[in-house]
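Q: Below is the sequence, then the predicted model.
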Amino acid sequence: MPDLVIKNARLLIDDTIQPAEIAVDDGRISKIGKIISTEEVNQVIDAKGALVLPGAIDLHVHFRDPGMTKKEDWYTGSCAAAAGGVTTVIDHPNTNPPTIDIESFKKKQKEAKKSIIDYSINAGVTSNLQYLRKLWELGAMAFGEIFMAESTGSLNVNDLILKRSLEITGDLGAVACIHAEDEEIMKRFVHILKGKHEPESYSKSRPELSEKTAVEKAIRFAGDTATRLHLCHISAHESLEVIRRAKAESKNITCEVTPHHLFLSTKDWKRLGTLGKMNPPLRDFYSQQSLWVGLTNGIIDVVASDHAPHLEHEKMTDIWSAPAGVPGVETMLPLMLMSVKRNLLTLKRLIEVTSLNPARIFGLNKGVLAPGYDADMIITGEVMEIRREKLHSKAGWTPYNGMYGMFPRITISRGDIVFEDGDIIAKRGRGRFIPGQGLIYSKQ
Ligand SMILES: NC(=O)N[C@@H](CC(=O)O)C(=O)O
Ligand SMILES: [Zn+2]
Ligand SMILES: [Zn+2]
């Protein structure tokens with residue numbers, strides 16, 4: 001008998017939404033269909049005819065732990081994720097200390113034990129090239145963000161290190177996640193604009209050209225190496241054209257877009273002021289629209305939050321000194337579900353970009369509602385107004401305040417209910433470390 005049965009669910013099966021029941025055994029889905037009797041089942045959840053989806057896999061979060069736990073920690077970050085229907089996160093290395101050697105990797109693993117959902121940890125790239133193999137064997141999920149330009153944490157690398165690191169990640173068979181902005185171009189524009197203090201100047205200081213140039217360079221450097229390139233937070237229509245061409249030449253590339261570049265644009269500078277600062281910056285309507293096109297036509301593979309919590313008072317200063325980044329892990333899936341409701345995206349495509357593709361890129365046994373996969377899923381709930389005081393991140397604010405999202409009623413991680421009707425009900429620390437392929441192979 002299964003441990004858990006979800007009855008009266010509706011699922012996307014073969015491109016149509018169908019009524020179904022889901023049985024879970026030992027944390028994994030054991031059956032989907034019409035389930036026999038529920039008599040001896042430990043737990044039955046009535047989905048009440050709601051849509052059930054795989055939990056989102058957010059492959060780009062900054063949970064700030066260790067070192068910046070005033071902004072976020074693994075417990076609060078993972079609660080925010082669960083409340084927003086995210087059941088797995090991949091944390092990026094710009095913490096303090098940065099995750100760039102054995103000691104710092106183990107330190108992050110120790111802190112991450114607070115998480116209520118499953119998680120992976122990426123390793124950073126600086127001049128630490130001698131440690132990359134070891135970090136891979138310790139279970140790093142991927143490398144990066146590898147920063148081609150200055151962003152939070154100042155882990156930016158020069159061309160030589162970028163090139164060499166791509167050779168190494170290629171040899172290892174690892175994914176290299178790239179923050180693609182061109183440092184030279186950016187510096188030139190910042191120099192011209194630094195006398196201007198209206199927040200909008202920030203978008204001009206890191207122009208589309210800077211991203212496009214860096215994307216081209218990363219693709220060129222990856223060249224004939226076996227590196228699997230993943231381009232983070234693509235924001236400019238020019239970059240999409242470069243990626244489209246590279247994909248047409250069957251280059252091994254994937255890319256992601258963030259909710260803030262999909263749902264916000266330079267028009268929001270007026271409303272947000274310095275809170276609207278992030279890297280790459282807010283773009284104009286034209287780029288914003290091209291991201292939606294890229295998402296629907298398959299040029300963009302993934303939606304990831306780049307959850308980058310900073311406190312409101314830290315952001316309320318001069319545009320040039322405010323920290324860059326916005327929180328987003330809790331609002332990503334609700335906003336995306338809203339765009340399905342508004343016919344901007346199909347449900348099938350939503351599941352691909354938030355669950356299926358992230359799982360495929362990193363080889364996770366997640367992201368699919370089918371027997372054998374981890375029972376990570378959400379039962380959808382009502383459309384609600386996004387209100388900052390209801391969110392779980394320590395950031396305490398959101399750029400989407402007052403907008404609408406379809407939030408989960410219940411979030412399930414490996415068969416355990418972790419969030420239900422507005423409450424976190426998971427035990428702190430129940431999340432598991434999901435290692436990358438390097439650990440798996442080095443143990444064989
Ligand atoms: N996106 C941002 O503006 N900031 C991120 C770093 C990053 O992703 O570049 C952060 O960690 O604060
Ligand atoms: Zn970045
Ligand atoms: Zn980031």
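A: Okay, I see it. Ligands and ions are numbered 1, 2, ... in the order given.

Q: Verify the stated contact: residue 118 with residue 418.
A: No: if you go by Cβ atoms under 8 Å, residue 118 and residue 418 don't touch, sitting 10.4 Å apart. Using the backbone N, CA and C atoms, a C-beta is placed for each residue, glycine as well.

Q: which residues are in contact with both of those two?
A: residue 87 (Cβ atoms under 8 Å, 6 or more residues apart in numbering).

Q: Quick one: residues contacting the residue in the chain positioned nearest to ligand 2.
A: The nearest approach of the chain to ligand 2 comes at residue 179, 3.5 Å away (Cβ to the ion). Going by Cβ under 8 Å, 6+ apart, residue 179 touches 144-149, 151, 232-233, 279.

Q: can you list those in JSON lines and add secondary structure?
A: Shown next, in JSON lines, are the contacts of residue 179 (DSSP: H, G, I helix; E, B strand; the rest coil):
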{"residue": "144", "secondary structure": "strand"}
{"residue": "145", "secondary structure": "strand"}
{"residue": "146", "secondary structure": "strand"}
{"residue": "147", "secondary structure": "strand"}
{"residue": "148", "secondary structure": "coil"}
{"residue": "149", "secondary structure": "coil"}
{"residue": "151", "secondary structure": "coil"}
{"residue": "232", "secondary structure": "coil"}
{"residue": "233", "secondary structure": "coil"}
{"residue": "279", "secondary structure": "coil"}
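
Q: out of these, which touch ligand 2?
A: Contacts with ligand 2 within these, counted by Cβ under 5 Å from the ion: residue 145.

Q: Now pLDDT, neighbour count and distance to ligand 1 too, for the contacts of residue 179, in JSON lines please.
A: Listed next are the contacts of residue 179 as JSON lines, based on pLDDT from 0 to 100; neighbours: other Cβ atoms under 10 Å; distance: Cβ to the nearest ligand atom, whole Å:
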{"residue": "144", "pLDDT": "97", "neighbour count": "26", "distance to ligand 1": "10"}
{"residue": "145", "pLDDT": "98", "neighbour count": "27", "distance to ligand 1": "6"}
{"residue": "146", "pLDDT": "98", "neighbour count": "27", "distance to ligand 1": "11"}
{"residue": "147", "pLDDT": "98", "neighbour count": "27", "distance to ligand 1": "7"}
{"residue": "148", "pLDDT": "98", "neighbour count": "26", "distance to ligand 1": "10"}
{"residue": "149", "pLDDT": "97", "neighbour count": "21", "distance to ligand 1": "9"}
{"residue": "151", "pLDDT": "94", "neighbour count": "22", "distance to ligand 1": "3"}
{"residue": "232", "pLDDT": "98", "neighbour count": "24", "distance to ligand 1": "7"}
{"residue": "233", "pLDDT": "98", "neighbour count": "26", "distance to ligand 1": "6"}
{"residue": "279", "pLDDT": "98", "neighbour count": "21", "distance to ligand 1": "4"}
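
Q: Name the residues of stretch 252-269 that are buried.
A: Within stretch 252-269, the residues that count as buried by 16 or more other Cβ atoms under 10 Å are 253-266, 268-269.

Q: do the same with stretch 125-138
A: 125-126, 128, 131-132, 134-138.

Q: Give me the mean pLDDT for stretch 405-417.
A: For stretch 405-417, mean pLDDT rounds to 98.

Q: With stretch 386-395 instead?
A: Here the average pLDDT along stretch 386-395 is 98.

Q: So which residues on the chain come close to ligand 2?
A: 145, 179.

Q: hmm, try it at 8 Å
A: 60, 92, 145, 147, 151-152, 179, 232-233, 279-280, 306 (Cβ under 8 Å from the ion).

Q: which of those sit farthest apart?
A: Using Cβ to Cβ, the residues of the chain next to ligand 2 span at most 15.2 Å, a distance reached by 92 and 280.

Q: where along the stretch 301-444 of the chain do the helices fall?
A: For the stretch 301-444 of the chain, applying DSSP state H, counting those that start in this stretch gives helices covering 312-315, 332-341, 347-351, 357-362, 437-442.

Q: Switch these over to a markdown table; also include distance to residue 78 and mean neighbour count.
A: Listed next are these as a markdown table, based on distance: least, Cβ to Cβ, whole Å; neighbours: other Cβ atoms under 10 Å:
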| stretch | distance to residue 78 | mean neighbour count |
| --- | --- | --- |
| helix 312-315 | 22 | 14 |
| helix 332-341 | 14 | 22 |
| helix 347-351 | 22 | 18 |
| helix 357-362 | 17 | 22 |
| helix 437-442 | 21 | 16 |
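
Q: would you turn the ones you listed into a markdown table with distance to residue 384 and mean pLDDT?
A: Listed next are these as a markdown table, based on distance: least, Cβ to Cβ, whole Å; pLDDT from 0 to 100:
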| stretch | distance to residue 384 | mean pLDDT |
| --- | --- | --- |
| helix 312-315 | 22 | 98 |
| helix 332-341 | 8 | 98 |
| helix 347-351 | 18 | 98 |
| helix 357-362 | 25 | 98 |
| helix 437-442 | 39 | 82 |
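
Q: Rebuild those helices as TSV, extending it with distance to ligand 1.
A: Formatted as TSV, the helices of the stretch 301-444 of the chain follow (distance: least, Cβ to the nearest ligand atom, whole Å):
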stretch	distance to ligand 1
helix 312-315	11
helix 332-341	14
helix 347-351	23
helix 357-362	17
helix 437-442	23
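
Q: Pipe the ones you listed into JSON lines and attach distance to residue 183 per row.
A: Output for the helices of the stretch 301-444 of the chain, formatted as JSON lines (distance: least, Cβ to Cβ, whole Å):
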{"stretch": "helix 312-315", "distance to residue 183": "23"}
{"stretch": "helix 332-341", "distance to residue 183": "28"}
{"stretch": "helix 347-351", "distance to residue 183": "34"}
{"stretch": "helix 357-362", "distance to residue 183": "26"}
{"stretch": "helix 437-442", "distance to residue 183": "29"}
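
Q: Which of these sits closest to residue 411?
A: If we rank the helices of the stretch 301-444 of the chain by Cβ to Cβ, the stretch that ends up nearest is helix 332-341, at 9.7 Å.

Q: send the alpha carbons of stretch 406-418 over as PDB?
A: What follows is stretch 406-418, C-alpha atoms only, in PDB (Å, rounded to 0.1, in the frame of the first residue of the first chain):
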ATOM      1  CA  MET A 406      -1.300  31.800  -8.400                       C
ATOM      2  CA  PHE A 407       0.200  30.400  -5.200                       C
ATOM      3  CA  PRO A 408       0.400  26.700  -4.200                       C
ATOM      4  CA  ARG A 409      -2.200  25.500  -1.700                       C
ATOM      5  CA  ILE A 410       0.100  22.600  -0.800                       C
ATOM      6  CA  THR A 411       3.700  21.900  -1.600                       C
ATOM      7  CA  ILE A 412       5.000  18.400  -1.300                       C
ATOM      8  CA  SER A 413       8.700  17.400  -1.200                       C
ATOM      9  CA  ARG A 414       9.600  13.700  -1.500                       C
ATOM     10  CA  GLY A 415       6.100  12.800  -0.300                       C
ATOM     11  CA  ASP A 416       6.100  15.100   2.800                       C
ATOM     12  CA  ILE A 417       3.800  18.100   2.900                       C
ATOM     13  CA  VAL A 418       6.100  21.100   3.600                       C
END
